[in-house]
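A.B. asks: mind looking at a prediction? Sequence and model below.
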Amino acid sequence: MENKKTIRDEETKTTLKNRLARIKGQINGIETMIDEDRYCEDIIIQLLASSKALRSIASLMLEKHLHSCISKAIKEGDTSIIDEIRTLIDRYSNR
């Protein structure tokens, strides 16, 4: 597999990193809840919220990928990108 790169603008990087920081905080909070023997339902709710936050980041990344990398490859005539995006969407939808 070749080592591809995507150059992102600073606003996108900041948005992604801020969301990840919030998720890190949620995960740390969940760890504390486990240490404190908190009620299972409370922990599950926080786990689901963290999972939803990760899916949100994945959706944003997929949108950016479609508008940048995929559209650029198609404009350049690289139709093999269609297989990549099909596989990616299959993985995304089977989460």
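C.D. replies: Yep, that arrived.
A.B. asks: number of nearby residues for I30?
C.D. replies: I30: 19 surrounding residues under other Cβ atoms under 10 Å. (Glycine included, C-beta is placed from N, CA and C.)
A.B. asks: and the helix or strand hosting N18, what's buried?
C.D. replies: Element membership for N18 (DSSP states H and E) is helix 10-35. By 16 or more other Cβ atoms under 10 Å, the buried positions in helix 10-35 come out as 23, 26, 30, 33.
A.B. asks: how much space between the most centrally placed residue in the chain and I23?
C.D. replies: For the chain, A58 is the residue whose C-alpha lies nearest the centre (Cα atoms, centre = their mean; 2.6 Å). Note on A58: its distance to I23, by Cβ to Cβ, to the nearest Å, is 12 Å.
A.B. asks: so where's this structure uncertain?
C.D. replies: Within the chain, the segments meeting pLDDT under 70 span 1-2, 95.
A.B. asks: which parts of it are helices?
C.D. replies: 10-35, 40-65, 71-75, 81-93 (DSSP state H).
A.B. asks: dump those into a markdown table; add distance to N3 as well.
C.D. replies: Converted to a markdown table, the helices of the chain look like this (distance: least, Cβ to Cβ, whole Å):
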| stretch | distance to N3 |
| --- | --- |
| helix 10-35 | 19 |
| helix 40-65 | 16 |
| helix 71-75 | 16 |
| helix 81-93 | 15 |
